[in-house]
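Asks: Have a look; sequence and predicted model below, questions after that.
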Amino acid sequence: MEGLIQAFGIDGRLLLIQAVNFGVLLMALRYFLYTPILSMLDERRNRIARGVQAAEEAEAKLASAETEGKEIVAKAAHDAEGLVSEARTRAEEKGTELMKTAQARAEALLQEATARAEEAKRQALLESEKEITKAAMLAAEKILREKTA
């Protein structure tokens with residue numbers, strides 16, 4: 001083997017020094033380059049994983065928010081429908097009550113007007129009776145005067 005090493009002109013000491021230099025260079029590159037790059041890649045992988053997880057959580061929250069929003073809108077529509085129905089019922093009741101009140105007032109006004117008309121009729125009859133009585137007395141007086149005269 002020694003003949004082969006001499007045939008190719010390989011120097012053992014130089015080979016050993018180059019091997020040590022290569023080892024030192026390999027260790028320096030590993031310490032200053034390979035390890036920081038691996039840690040940077042791991043950190044980046046973790047950040048990407050956290051980003052993906054956050055995106056999935058956000059998507060799940062969005063889906064639940066949409067579902068919750070639809071439920072809230074449906075509940076609000078149902079409540080609004082109930083309020084409208086209740087308002088209609090109250091309006092109908094109030095309308096019926098107002099109609100009854102108006103009808104009662106109209107009947108009261110009609111009765112009052114009838115009573116006033118009856119009173120006016122009675123007053124007119126009394127006055128006409130008085131007038132008739134006066135006229136009868138005047139006629140009787142005139143007849144009496146004519147007979148005495």
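Replies: Noted; the coordinates are in hand.

Asks: Quick one: low-confidence residue ranges for the protein.
Replies: Scanning the chain for pLDDT under 70 picks out 1, 149.

Asks: all helices of it, in order?
Replies: For the chain, the helices defined by DSSP state H occupy 2-8, 12-29, 35-148.

Asks: Let's have those in a markdown table, adding mean neighbour count.
Replies: Glycine gets a C-beta too; all of them are placed from N, C-alpha and C. Shown next, in a markdown table, are those (neighbours: other Cβ atoms under 10 Å):
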| stretch | mean neighbour count |
| --- | --- |
| helix 2-8 | 8 |
| helix 12-29 | 10 |
| helix 35-148 | 10 |
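
Asks: Report the central residue of the chain.
Replies: The chain has residue 76 as the residue nearest its centroid, 6.0 Å off, counting by Cα atoms, centre = their mean.

Asks: what's the distance between it and residue 86?
Replies: Plainly put, residue 76 is 15 Å away from residue 86 if you go by Cβ to Cβ, to the nearest Å.

Asks: Equivalent analysis for residue 22, please.
Replies: 91 Å.

Asks: for residue 45, same thing?
Replies: Separation of residue 45 from residue 86 (Cβ to Cβ): 60 Å.

Asks: Could you do residue 4 as well?
Replies: Here residue 4 is placed at a distance of 108 Å from residue 86 (Cβ to Cβ).

Asks: can you check residue 35 too?
Replies: As judged by Cβ to Cβ, residue 35 and residue 86 stand 74 Å apart.

Asks: With residue 46 instead?
Replies: From residue 46 over to residue 86 (counting by Cβ to Cβ), the distance is 58 Å.

Asks: swap in residue 147?
Replies: Residue 147 sits 89 Å away from residue 86, going by Cβ to Cβ.

Asks: Ok, residue 33 next?
Replies: The value you get for residue 33 to residue 86, if Cβ to Cβ is used, is 77 Å.
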